[in-house]
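> Predicted structure and sequence below. I'll ask about it afterward.
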Amino acid sequence: MSRSVTLEFVRIEATHLLDLFEQFDGVLAGDAASDPAVRRLVPDAYRDDEEAAREFRRLTEGDLLARRRSELGIVRDGLRAASASQPGEMVVVELDAASVGAWLRTLAALRLVIAERLGVVDDTPPDPADARTDVYEWLGYRLDRLVAELD
Amino acid sequence: MSTVLPDEDLVLDVSSASSRPWQTVVWNDPVNLMSYVVHVFREYFGYSAPQANRLMLAVHHDGHAIVAEGAREQMELHAQAMHDYGLWATVREADA
């Protein structure tokens, strides 16, 4: 990907997003065996072969979660630096080719985690009374916009 | 230090290999956005927009779609990449 992309946040959005990233980092410090949200990020690669699924997991799970944390770090550091250096109402993050992928995958993964916490299992919309539903939908909106800019 | 390895392992590998190809399958989930799934198929596999869109719709309506076929190791790499993107992918041997 050769284009550079710009993400704009109102300051309060940037602050909330940084807080979400902190929480996500905490989730990633857990493990797939005890947290279904982490499990969702490292799903079984074989449906009908438990042994192959276990072997695949043994070989890939650590790398997958390490990359997840590394990309979260890229995204969080970028937003944190932009927030600190721009005093105004808007926070603008310039994404280069390397960080675009990290932003896409991190936003998508964060939505998977929140969806798990909200109990999203089918196309039934999550509980509108739950404050996390707003966050979930807002992240979806931002991710959709980012994808539209790239395509 | 240099040794010449016996080629028995190689022979075993070949004899145990099946002629059937392996597949990477992406499964439907209620969370990932349709636009995002299309983007992933285009970016990672290099599919055209219509192809990627057709595959995404197959995932959405049929519950799953075969996104790649080939050697098992390659299909496992694809599945891992899909997991990186947050898509749920599995590997299987093609039906005879």
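It's in.
> contacting residues around the spatially most central residue of chain B?
For chain B, the residue sitting closest to the mean C-alpha position, by CA atoms, centre = their mean, is B:Thr24 at 2.5 Å. Residues counted as contacts of B:Thr24 (CB atoms under 8 Å, 6 or more residues apart in numbering or on different chains) are B:Ile66, B:Val67, B:Ala68, B:Glu69, B:Met75, B:His78, B:Ala79, B:Met82, B:Ala89, B:Thr90, B:Val91. All C-beta spots, glycine's among them, are computed from the backbone N, C-alpha and C.
> The first one is in what secondary structure piece?
Right, B:Ile66. strand B:64-70 (DSSP states H and E).
> so how far is whichever helix or strand comes after that strand from its chain's centroid?
Next helix or strand after strand B:64-70 toward the C-terminus (DSSP H and E): helix B:72-84. Remark: helix B:72-84 is offset 5 Å from the chain centroid, using CA atoms, centre = their mean, to the nearest Å.
> what mean pLDDT does helix B:72-84 have?
Per-region confidence: helix B:72-84 scores 97 on mean pLDDT.
> same deal with stretch A:45-59?
Mean predicted lDDT for stretch A:45-59 stands at 96.
> quick one: low-confidence ranges for chain B?
Flagging of chain B using pLDDT under 70 yields the residue ranges B:1-18.
> what about 50?
B:7-15 (pLDDT under 50).
> Tell me the residues on it that lie near chain A, please.
Within chain B, the residues that sit near chain A (CB under 8 Å from any CB of the partner chain) are B:30-33, B:35-36, B:38-39, B:42-43, B:49, B:76, B:79-80, B:83-86, B:88-92.
> Now go through the residues you listed and say which are in helices.
Members of the residues of chain B next to chain A lying in helices (criterion: DSSP state H): B:Ser35, B:Tyr36, B:Val38, B:His39, B:Arg42, B:Glu43, B:Ala49, B:Glu76, B:Ala79, B:Gln80, B:His83, B:Asp84.
> Please check these and keep the buried ones.
B:Ser35, B:Tyr36, B:Val38, B:His39, B:Arg42, B:Glu43, B:Glu76, B:Ala79, B:Gln80, B:His83, B:Asp84 (16 or more other CB atoms under 10 Å in any protein chain shown).
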